[in-house]
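Student: got a sequence here, can you build the structure:
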Amino acid sequence: MAVCDPQVHGRFRPLADEDDLIAGRLEDLRIKGDVLFKVHRGPYSGLGAAWGEFFRRFNDQQEWVVAGPCGDLYVCNPAVHQEDGFREVLTVLFCPVRRKGGGRKPPVETARKGRAKAPARPKAPAKRPARKDAAARRKRS
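Tutor: Numbering: from 1, shown residues only. Got it, this is the predicted structure:
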């Protein structure tokens, strides 16, 4: 029998009424790092519209950029909400983010001389010398 944890559901239920995206961490849901998220309340059939709204709002903000693949997850098993027509199913839509202009590592040796220096290119492998007996082998074939 499917079970819904009332504490977890209770934590996310009030957030379903928020219009704006929420910046935070969802490590208790095993999502690491900073994320922007929104809680969708309703059946799976409404997720397409919810994602559309999520990205409209994401594109309106100027502080964050995407830092990884976006995703969604149910707060609890949807089968628990079958009796209410799935109206109380909570789905967290999230996108890993980082602040604009931040999180970029400088090129190699930038700090030493005060200017950016491109990383050294790897050397091409040395060419093997041609074998003198290659012509002889071709004649035998």
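Student: any idea what residue 40 is bridged to?
Tutor: Beta bridges link residue 40 to residue 91, judged by DSSP bridges.
Student: what's the burial count for it?
Tutor: For residue 40, the neighbour count with other C-beta atoms under 10 Å is 22. (Each C-beta comes from the backbone N, C-alpha and C, glycine too.)
Student: got a list of what the closest residue to residue 61 other than its chain neighbours touches?
Tutor: The spatial neighbour of residue 61 that comes closest, neighbours along the chain excluded (C-beta to C-beta, 6 or more residues apart in numbering), is residue 21 at 7.0 Å. By C-beta atoms under 8 Å, 6 or more residues apart in numbering, the residues touching residue 21 are 36-38, 54, 57-58, 61.
Student: adding pLDDT and secondary structure, write these out as CSV.
Tutor: Listed next are the contacts of residue 21 as CSV, based on pLDDT from 0 to 100; DSSP: H, G, I helix; E, B strand; the rest coil:
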residue, pLDDT, secondary structure
36, 92, strand
37, 92, strand
38, 93, strand
54, 93, helix
57, 92, helix
58, 92, helix
61, 88, coil
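Student: out of the residues you listed, which is nearest to residue 14?
Tutor: For these, the closest approach to residue 14 (C-beta to C-beta) belongs to residue 38, at 12.9 Å.
Student: run through this protein and note the low-pLDDT ranges.
Tutor: Applying pLDDT under 70 to the chain flags residues 1-3, 102-141.
Student: list the beta-bridge partners for residue 73.
Tutor: For residue 73, the beta-bridge partners are residue 92 (DSSP bridges).
Student: that one: neighbouring residues, count only.
Tutor: 13.
Student: so residue 91 sits against residue 50, correct?
Tutor: Yes. Using C-beta atoms under 8 Å, residue 91 makes contact with residue 50 at a distance of 7.4 Å.
Student: which one's more surrounded, the two?
Tutor: The residue with more neighbours, out of residue 91 and residue 50, is residue 91; 22 against 16, by other C-beta under 10 Å.
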